[in-house]
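# Build the 3D model from these lines:
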Amino acid sequence: MSAVLEIAGLRKTYRSRRRGVRHALDGFDMRVEAGQVHGFLGPNGSGKTTTLRTLLGLIRPNGGRMAILGHEVPQALPVVAGQVGAIVESPQFFPHFSARDTLGLLAGAGQLPRQRVDEVLELVGLRDRAGERVKTYSLGMKQRLAVASALLKNPKLLILDEPANGLDPGGIREMRTLMRDLAAAGMTVVLSSHILGEIQLICDSVTIISLGRRVAFGPVEQVLAEHSQGAVRVRVEAVSDLPQAAEVLTRAGVRVAAEPDHLMLAGVDKPATVSRLLAEQGLYVSELAPVAVDLESVFLELTATAPVPGQHRQVDQSTKVGEPGVGGTGGGLGA
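Residues are numbered from 1 along each chain as shown. Take a look at the predicted model:
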């Protein structure tokens, strides 16, 4: 598959007299294939929003290479901007405008057909509330409007930062369906979210960033498999035998964590070996079950690294000192 988005060795460094050198991005790499829903994950301060803002030309990098649809950016942003829809951080709208007025203004500015406004309102589920002022909208409805604005151009690449923010469970499910439908129609979607269960359900592949560097990349199932660590849950016939069972397995080199009514084992290549080791000591297994790892546990494991003492890293913010022309509380390529 061809890459719609490529980032290699991206660096962004901030310097100040008070805090010294701060590395927001430290040789970050990312690749997104055409037609995928790609999850872009990272804790607060990891460099995630800095990456997106740099990619969209809102922040100047200190080094590295970026390409969208095969064109080097930021140099080629005027060429590819019409094929990219993006919402980064919290979008801002005129509170006294209706959703239809807002999208109509954006469509006019982008010389887009007027009927596209009604099409995207339908896509995001705002058709029946399109005539109401934005100031009356809930947070979830404003998020829907933001997604609608990013979809106006029918882009080839859609970048969404926390699109499910403020949505109720029904709205989250609708957003999930919309993302999958867009990808099925040929659009590539880059989705940043803290709802990791949703990312696991919806995304074909993921990139995880921590402290400005990529710590995991690939198809979701592959990333999960690489970090499963052979986890196994074991129960024996008598709970009182658990301490002895733990001792037997620990002596055999198995990593054991004791729970009130079972043991959790890590690094087990052949679960049948566990049953044999215990049976040799007269301990009989009542349950031996591999434990499936989820994206949340992998994320927490990979992003739990503490910063190196004395090394400061930039926390993602909307406005950065020393970046003229970058401001406000949100950014994107709506229309």
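
# Pull the contacting residues for Arg214.
With contact set as CB atoms under 8 Å, 6 or more residues apart in numbering, Arg214 has these partners: 28-30, 207-208. No exception for glycine: its C-beta is placed from N, CA and C like everyone else's.

# Filter these down to the ones in strands?
Of the contacts of Arg214, the ones assigned to strands by DSSP state E are 28-30, 207-208.

# Looking at these, which one is closest to Lys156?
Met30 (17.1 Å; CB to CB).

# quick one, helices of the chain?
All helices of the chain, identified by DSSP state H, fall at 48-55, 77-80, 99-109, 115-123, 139-151, 169-184, 196-202, 220-226, 242-251, 271-279, 295-302.

# among those helices, which is the most enclosed?
Neighbour counts (mean count of other CB atoms under 10 Å) averaged over each of the helices of the chain peak at helix 48-55, with a mean of 26.

# avg pLDDT for that helix?
Averaged across helix 48-55, the pLDDT comes to 93.

# For that helix, which helices and strands make contact with it?
strand 3-16, strand 20-33, strand 37-41, strand 63-68, strand 84-89, strand 157-161, strand 188-192 (3 or more CB pairs under 8 Å, 6 or more residues apart in numbering; DSSP states H and E).

# Give me the residues contacting the last one.
Which is strand 188-192. Contacts of strand 188-192 (CB under 8 Å, 6+ apart): 4-5, 32-41, 48-49, 52, 156-163, 179, 182-183, 199, 202-203.

# what bridges to the nearest residue to Val206 once chain neighbours are set aside?
The shortest distance from Val206 to any residue other than its chain neighbours is 4.1 Å, reached at Gly39 (CB to CB, 6 or more residues apart in numbering). Bridge pairing for Gly39 (DSSP bridges) gives the partners Leu191, Val206.

# and Gly39, how many residues sit next to it?
25 (other CB atoms under 10 Å).

# wait, what's in contact with it?
191-193, 199, 202-203, 205-207, 220.

# Repeat that for Ala258.
Counted by CB under 8 Å, 6+ apart, Ala258 has contacts 242-243, 246, 264.

# please redo it, this time with the cut-off set to 7 Å
Ala258 makes contacts with 242, 246, as judged by CB atoms under 7 Å, 6 or more residues apart in numbering.

# Okay, it and Val274: tell me how far apart.
According to CB to CB, to the nearest Å, Ala258 and Val274 sit 15 Å apart.

# can you list the ones in strands among the contacts of Arg214 in CSV and add pLDDT and distance to Gln281?
As requested, those are exported to CSV (pLDDT from 0 to 100; distance: CB to CB, whole Å):
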residue, pLDDT, distance to Gln281
Phe28, 97, 50
Asp29, 97, 49
Met30, 97, 50
Thr207, 97, 46
Ile208, 96, 41
